[in-house]
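Q: sequence first, then the predicted structure:
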Amino acid sequence: MIVHTHAARDGFPVGHEVELTGRGRTFVREVAGPPGAPTVILLHGWTATADLNWFTCFAPLGEHFRVLAPDHRGHGRGIRPNGGFRLTDCADDVAAIAELARVLRPGGTFACTVPSWWPEKVNWMLSDEYHAPKSVGGHVRIYSETELTAKLRAAGLDVRGSHHAHALHSPYWWLKCAVGPRRDDHKLVNAYKRFLEWDIVKQPRSVKIAERALSPLMGKSLIVYATKLPVDRASGSRPTATDRELVDA
């Protein structure tokens, strides 16, 4: 149940505080999209938020889809856990939202994001406090793009494309892991964090160009787009021009 709605501002769409029965209160960004458009749910990565992961995607996706982007449990304005939480808890929260919104009905589309393989591998090598079990609720494994898309296809989804993003976030996490993920007093790490926050708010053209150029090489996030095909569609259908444009955006 929506208990409070925040107006769109500063380039971000409308946000809802949503009460999930038996779970708590979470926060969901929403772009209404065209009338009758299928719903896309955007799932952010660990230690991020919907705004941080998806702020550049809301507008282009909203031209074709209704967009929902929740903050996961223990992240941003998501459900506040009383103690530790697991990634499966985050998945359960998303499942609850998906059920309410009837997400991924036949013809529906979603985008999911996981850490890119080699930048994440560096983090794991630099510090075991970055991931589970020492980091409560932390990553438990690293997916390659090949493995992830295979699992999606095995679930009956049509994978339409993928891309990498957030190249400038990779060095931040390498630095943070090198000095210790739990330290919050390191001057260089804090300076880099302020730079990333400035970039999110100001979105200077020069930084956007650098980010776009570097993301295929060292993007922190892998984003995969998939569609639940209507029952009258062949499973081997190809992406449309619109799908390709969205993936390349």
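A: Sure, I can see it.
Q: what sits against the residue minimising distance to the centre of the chain?
A: Ranked by distance to the mean C-alpha position of the chain (C-alpha atoms, centre = their mean), the top residue is residue 44 at 2.1 Å. With contacts defined as C-beta atoms under 8 Å, 6 or more residues apart in numbering, residue 44 is in contact with 50, 52-54, 69, 71-72, 75, 113. Heads up, the C-betas are built off the backbone N, CA and C, glycines and all.
Q: from those, which single one is nearest residue 19?
A: Using C-beta to C-beta, residue 71 is the member of the contacts of residue 44 that sits closest to residue 19, with 14.1 Å.
Q: that closest one contacts residue 54, doesn't it?
A: No - the pair residue 71 and residue 54 fails to qualify as a contact (C-beta atoms under 8 Å) at a distance of 10.8 Å.
Q: pretty sure residue 183 is touching residue 190, no?
A: No - between residue 183 and residue 190 there is no contact under C-beta under 8 Å: 9.7 Å.
Q: confirm that residue 125 sits in a strand.
A: No - per DSSP: H, G, I helix; E, B strand; the rest coil, residue 125 lies outside any strand segment and is helix.
Q: give me the number of residues near it?
A: A count of nearby residues for residue 125, using other C-beta atoms under 10 Å, gives 11.
Q: and residue 227, its phi and psi?
A: Per-residue torsions, residue 227: phi -130, psi 140 (degrees, to the nearest 10).
Q: and the gap between residue 26 and residue 72?
A: 8 Å (C-beta to C-beta, to the nearest Å).
Q: cool, and residue 192?
A: Remark: distance between residue 192 and residue 72 (C-beta to C-beta) = 23 Å.
Q: the more surrounded of the two?
A: Neighbours around residue 192 and residue 72, counted as other C-beta under 10 Å, are more numerous at residue 72. The numbers are 25 against 18.
Q: and that one, backbone torsions?
A: Here the main-chain torsion angles of residue 72 (degrees, to the nearest 10) amount to phi -70, psi 160.
Q: just the pLDDT for it.
A: Residue 72 carries a pLDDT score of 78 in this model.
Q: residue 179 is in contact with residue 186, correct?
A: Yes - here residue 186 reaches residue 179: they are 4.8 Å apart, a contact under C-beta under 8 Å.
Q: now the end-to-end length of stretch 127-143.
A: By C-alpha to C-alpha, to the nearest Å, the extent of stretch 127-143 from end to end equals 18 Å.
Q: for it, what is the average pLDDT?
A: On average, the pLDDT along stretch 127-143 is 78.
Q: just use 56 as the starting number from now, easier for me
A: Sure, I'll start counting at 56 from here, so that last one is stretch 182-198.
Q: list the residues that contact the residue nearest to residue 190 when sequence neighbours are not counted.
A: In space, not counting the residues next to it along the chain, residue 190 is nearest to residue 184; the distance is 6.0 Å by C-beta to C-beta, 6 or more residues apart in numbering. Contacts were defined as C-beta under 8 Å, 6+ apart; by that measure residue 184 touches 190, 235-237.
Q: how does it look with 10 Å?
A: When the contact criterion is C-beta atoms under 10 Å, 6 or more residues apart in numbering, the partners of residue 184 are 190, 193, 232, 235-238.
Q: and the gap between it and residue 178?
A: According to C-beta to C-beta, residue 184 stands 10 Å off from residue 178.
Q: identify the contacts common to the two.
A: With contacts defined as C-beta under 10 Å, 6+ apart, the residues shared by residue 184 and residue 178 are 232, 236.
Q: for the chain, spot the helix or strand the model is least confident about on average.
A: Least confident helix or strand of the chain, by mean pLDDT, DSSP states H and E, is helix 296-303 with a mean of 38.
Q: how about the strands in this structure?
A: If you assign secondary structure with DSSP state E, the strands in the chain sit at 57-61, 69-75, 79-86, 94-98, 121-125, 164-170, 213-220, 276-282.
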